[in-house]
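**Q** coordinates for the following, if possible.
(2 chains)
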Amino acid sequence: MTAVIKLLLQLGVQSLLAHRTKSLIVGGLLAFGTFLVVTSLAVLDSVTRATRASLVESIAGDVQIYSKDAKDSLALLGGIGFGTEDIGEIDSYGPVRDAVLKVDNVAGVVPMGIANAAVASPGDLDRTLNALREAVKGNDAANVMLLADRVRTIARVLQDQQQKQAAVAASENNGAGEVLARALSDELWAGMTTDPLATLDWLDTKLAPLGEQGNQFYLRLVGTDLDGFKQTFKRIKIVDGEYVPSGTRGVLVGQAFLDRRLKFAVAMHLDTIHNELVKGQTIAANKTLQDTLAKARRASPRLVYMLPPKDLPVVTASIAAELGKPPGELAPLLVDFLTMDDTNFERRYQMFYDVIAARVQLYPFQVGDTITLTSFTKSGYLRSINVKVWGIYVIEGLESSDIASALSITDLMTFRELYGRRTAALDAELVKMKAASGAKEVNREDAEAALFGGSDAVEVQAVAESAAEVVLDKVDRQESFTFDPKDANEGFALTTAVLLKDPDKARATQREISAAVAPLGLQAVNWQTATGIVGQLTMVVSGVLLGAIFILFLVTTVILNNSLVMATLERVAEIGTLRAIGAQKRFVNAMITFETATLGALAGVVGALTSVLFITWLSKVGIPAPADVLQVLFGGPRLYPTLTASNVVAGVVATLIVGVFATLYPARLAMRVQPVVAMQGKE
Amino acid sequence: MKASTSFVVAAFVAAVAPSAHALAVPSEAELVQMLTVVDDRQQNTGDYRSTAYLEQKERGKEDTAFEVAFYRRDADDKLMILFTKPKTEAGKGYLRLDKNLFFYDPTVGKWERRTERERIGGTNSNRQDFDESRLAVEYTPKYVGEEKLGKLDTHHLSLTAKEGADVAYPLVDLWIDKASGNILKREDKALSAKLLRTTYYPKWNKVYSESKKADVFFPAEIRIFDEVEKGNSSLIVIRDVDLKPLDANLFTKAWLESKSR
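**A** Down below sits the predicted model:
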């Protein structure tokens, strides 16, 4: 046997050397295939590890548990529609936690709930008037002065805009000119002392409609046991403010989400341009950047009243000095200042942040502010709740990804209120109300027949006046901002996040958890499924990459097969001679297969080594993530892939299998060669 | 002055309404007069107060309901809606002053400016459903024809909003009862003529107004069907109408806030 192997090896090496060109082509193909397989597997594994680290260790956990009866799939980071999914409910979190903690390999368990909430952001004038009303109510004379001054500044800006419009178009101002003139008159502001509420009502109803409209932004909230969450998810870092104290209501908002979605328009546009210039773009050559700069200029008049009045002279002087102009009206100076080009952008960008942005509020709220979250609850009613913004967070490694920081984190009590389950008490109250109304059920389809088909005349009843005194029961005011921390570790939730000690055993552990929570009517899914579109993207990327590898191998097999058939046909005489001197068909088969396997092994080693060098280089320079979603997949702005022994072994083995598979047909051809044909060929 | 106007209007109703079917195509002036009658019958020269039951059905969701108190002063374009039930909604309210609509939530103690199209309490009804009827002022009418609505004979009018009119729907179709002069059906449409909602007014009540020296009509029941989100509907039952003068300070933010203290 050893002698046969030795002979096969000798013949194989001789043949490879004798047919150098063929060997180089086939070997090159196999080496390239090995390189691609090893590199792809290494990148794929690295992407999965990086995504896991970014999502699992920051918010999702390895496994998520939710109701078996859920109408929609769980999508923590939002599904395709980014709406509110119906993922069922967990009535009592306690038994779920206890069942999961009995499973080995579980490092941490936390309850979670998801709710979408709207936050109203009033226009500048409404915001200032609301604050002025509060200051009046609180007898805060100093603040009343300050805010009244701001209202006058806004009125001046509006008056300026209105006069400019009137100069270019003879449009009707519907009395706006008179309202603005009165808003700037001493007579009106004297009323703030004599009858402040009447003055405020006038400002609210006459002046405020002339200002810019407010808008709304939405927060996707994950409510959780914040104490347990802090211990379990270590990659969440607070960059401004502090973590919500135990037993306190509050919300943490993602830094990148704030910067990309909620920042003051001028700053956000300048940031965009700055980031593009860093990447090598120029304003001169990029129409989009020029348009972005124009948008910043259009948004700049707001700065005039966003800046504290006491700072206006300093800011105006600095801007004028930069422009080489005498100080004057700030609004036109700002427009000139924001007319930038590639030579002055970086200097003015820095100056904007040093001189202007440092003096204004760049976001609709800041750390320490209380914001009002409003949501359509499950009970069908709107629910608003005041929550303090305790801090701004980033996910370590994903600091600049707004997808990763799209979730705002809040306490479970706030979530429960915003989710608003329907209660039996409410149902009973509604039944009573309906009975008192005396109204009957009418379907849309037969409404006209039901309402107008009974009588020839419309029912018109004469009724006597009746006083309708309104007496309200105790109104549900939000007064407490604290709760018993134990309540966040028991009771109602929507999902349960489980973090594992050893993620390599995730599949087995997930099966164990599934079995443990099944009696509670719950299911367990992995983090790829649970994170929605982002996590599923990793599965899609894996699928596409594995599909590409499969196609590559198929093509390689066909090419190899063709090359080997050609090579075999060229060796008919040689094979015929071997057969003539007594070589069996099996020997010929083994010889051809052994030859390719030897070449495959050599090529596999060369391909794998090249891949090792390539991945080593990539692990130093990294693969950049140009898009935000890639940042999540890469676990940061760059992916630094690493190679494992299994990647190399898998690559070499796959190459050998492909090589041997491609030899099957040529070897069969070789076995069919008859010695007499070989002799004829010689003649 | 107001009393004499009411008399003229009443005389017009008596004279025109029964004979309306005899008019093949009423002139534009006659149509405007028909709307004026509809408006005027509902207008009160003084104040107006009532309570109402609001019910909202949405496909795939739990039904919701509210009880509210309305306060209206048409002379000053003022309107207040105060939610009284269920308990979770008590104290919330809307205040309309001129062209401003504000919403107050006592839970968080905040006022917010809302738009004309605000869905009151999340129902399919909006501010106009509870406000003074101004059809003749806000719309230009066109006669479509005589039509049967169940067993009732009606005039079908097509209305287009006048330029600059502050209305929720630019196109409206009305079916006015020939016998009583009350609106029985209303279709609200978008500018593209897409039907957005259909409203029925099957019951009307009237109460004698001392200030107007005439009856004031108000729909006792309003049923609104959403034509975009099929299956969604709202029901409004109005009762306890009171036309006595209201407190001078009622239409203020401070008054609404005080109700929930």
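**Q** for whichever residue of chain B sits closest to chain A, give its distance to A:Leu451.
**A** Ranking the residues of chain B by distance to chain A (CB to the nearest CB) places B:Gly150 first, at 2.7 Å. Every C-beta, even on glycine, is put in place using the N, C-alpha and C of the backbone. Plainly put, B:Gly150 is 7 Å away from A:Leu451 if you go by CB to CB, to the nearest Å.
**Q** the two: which is more packed in?
**A** Taking other CB atoms under 10 Å in any protein chain shown, B:Gly150 and A:Leu451 do not tie; A:Leu451 has more neighbours (22 against 19).
**Q** touching, the more buried one and B:Pro219? I think so.
**A** No - counting by CB atoms under 8 Å, A:Leu451 does not reach B:Pro219; the two are 11.9 Å apart.
**Q** A:Ala148: neighbouring residues, count only.
**A** Quick note: A:Ala148 (other CB under 10 Å) scores 20 neighbours.
**Q** from what I see, it and A:Arg133 are in contact.
**A** No - assessed by CB under 8 Å, A:Ala148 is found out of contact with A:Arg133, at 11.5 Å.
**Q** so what's B:Glu257 up against?
**A** By CB atoms under 8 Å, 6 or more residues apart in numbering or on different chains, B:Glu257 lies in contact with B:Tyr104, B:Pro106, B:Gly109.
**Q** quick one: pLDDT of it?
**A** With respect to pLDDT, B:Glu257 scores 88.
**Q** ramachandran angles for the residue of the stretch 101-250 of chain A found nearest chain B?
**A** The nearest approach of the stretch 101-250 of chain A to chain B comes at A:Thr205, 4.4 Å away (CB to the nearest CB). Phi and psi for A:Thr205, reported as degrees, to the nearest 10, are phi -100, psi -20.
**Q** wait, doesn't it sit right on B:Leu101?
**A** No - using CB under 8 Å, A:Thr205 makes no contact with B:Leu101, being 10.4 Å away.
**Q** let me see the domain layout of the chain.
**A** Since you didn't name a chain, this refers to chain A. Domains of chain A are assigned by automatic domain parsing as A:2-54+A:535-682, A:69-122+A:214-257+A:375-426+A:483-520, A:129-212, A:264-362.
**Q** chain B is the one I meant
**A** B:2-45+B:135-228, B:48-129+B:244-259.
**Q** and those, which one's lowest on average pLDDT?
**A** Across the domains of chain B, domain B:2-45+B:135-228 has the smallest mean pLDDT, namely a mean of 81.
**Q** quick one, helices of the stretch 251-400 of chain A?
**A** A:255-257, A:265-278, A:287-299, A:301-306, A:312-323, A:330-337, A:345-351 (DSSP state H, counting those that start in this stretch).
**Q** go through the strand ranked longest in chain B and flag the buried ones.
**A** Once chain B is assigned using DSSP state E, the strand that runs over the most residues is strand B:195-209. Within strand B:195-209, the residues scored as buried using 16 or more other CB atoms under 10 Å in any protein chain shown are B:196-207, B:209.
**Q** so what's A:Val314 up against?
**A** A:Val355.
**Q** quick check: which ranges of the stretch 551-683 of chain A have low pLDDT?
**A** Scanning the stretch 551-683 of chain A for pLDDT under 70 picks out the ranges A:677-683.
**Q** where do the strands of it begin and end?
**A** A:623-624, A:638-639 (DSSP state E, counting those that start in this stretch).
**Q** deepest-packed of those, please.
**A** Among the strands of the stretch 551-683 of chain A, ranked by average contacts under mean count of other CB atoms under 10 Å in any protein chain shown, first place goes to strand A:638-639 (a mean of 18).
**Q** ok, it: who's next to it in the sheet?
**A** strand A:623-624 (antiparallel) (DSSP bridges).
**Q** excluding chain neighbours, what is closest to the residue of chain A found nearest chain B?
**A** Among the residues of chain A, A:Phe452 lies closest to chain B, at 2.7 Å counting by CB to the nearest CB. Using CB to CB, 6 or more residues apart in numbering or on different chains and skipping residues adjacent in sequence, the residue nearest A:Phe452 is B:Gly150, 2.7 Å away.
**Q** and the gap between the one you found and A:Ala447?
**A** On the measure of CB to CB, B:Gly150 and A:Ala447 end up 10 Å apart.
**Q** what's the answer for A:Thr557, then?
**A** Distance from A:Thr557 to A:Ala447, by CB to CB: 69 Å.
**Q** with A:Val588 instead?
**A** If you go by CB to CB, the gap between A:Val588 and A:Ala447 works out to 88 Å.
**Q** neighbour count winner among those two?
**A** A:Val588 (22 against 19).
**Q** can you tell me which residues in the stretch 51-200 of chain A are near chain B?
**A** Contact residues (CB under 8 Å from any CB of the partner chain) of the stretch 51-200 of chain A with chain B: A:Ala120, A:Pro122, A:Gly123, A:Asp126, A:Asn130, A:Arg133, A:Leu197.
**Q** could you find the closest non-adjacent residue to the second one?
**A** Once flanking residues are discounted, A:Pro122 sits nearest to A:Gly214: 3.9 Å by CB to CB, 6+ apart.
**Q** what's the burial count for that neighbour?
**A** 17.
**Q** same question, the one 5 residues further on
**A** The criterion is other CB under 10 Å. On that basis, A:Leu219 has 24 neighbouring residues.
**Q** just to be sure, B:Met80 is in a strand?
**A** Yes - counting by DSSP: H, G, I helix; E, B strand; the rest coil, B:Met80 is found in a strand.
**Q** show me what it is bridged to.
**A** B:Tyr71, B:Leu95.
**Q** verify the stated contact: it with B:Tyr94.
**A** Yes - contact criterion CB under 8 Å: B:Met80 and B:Tyr94 qualify, at 7.1 Å.
**Q** neighbour-wise, which of the two wins?
**A** B:Met80 (26 against 22).
**Q** quick one: the more buried one and A:Arg383, what's the gap?
**A** 22 Å.
**Q** what do you get for B:Asp98?
**A** 30 Å.
**Q** same thing with A:Gly211?
**A** 28 Å.
**Q** list the contacts for B:Val228?
**A** B:Lys194, B:Leu196, B:Arg197.
**Q** in what helix or strand does the residue nearest the centre of chain A lie?
**A** Centroid check for chain A by CA atoms, centre = their mean gives A:Ile403 as the closest residue, at 1.9 Å. Of the helices and strands defined by DSSP states H and E, none includes A:Ile403.
**Q** can you check the one 5 residues further on too?
**A** For A:Ser408, the enclosing helix or strand under DSSP H and E is strand A:407-411.
**Q** quick one: residues in contact with that strand.
**A** Contacts for strand A:407-411 (CB under 8 Å, 6+ apart): A:59, A:76-77, A:219-226, A:229, A:236, A:244, A:248-254, A:257, A:387, A:393, A:483, A:488.
**Q** where does B:Asp153 land in three-state SS?
**A** B:Asp153 is classified as strand under three-state DSSP.
**Q** so which bits of the stretch 251-400 of chain A are right by chain B?
**A** Counting by CB under 8 Å from any CB, the stretch 251-400 of chain A sits next to chain B at A:Thr372, A:Phe376, A:Lys378, A:Ser379, A:Gly380, A:Tyr381, A:Leu382, A:Arg383, A:Ser384, A:Ile385, A:Asn386.
**Q** so which of those residues sit within strands?
**A** Going by DSSP E, the strands hold A:Thr372, A:Phe376, A:Leu382, A:Arg383, A:Ser384, A:Ile385, A:Asn386 from those.
**Q** can you report how many residues lie near the third one?
**A** Other residues lying near A:Leu382 total 20 when counted by other CB under 10 Å.
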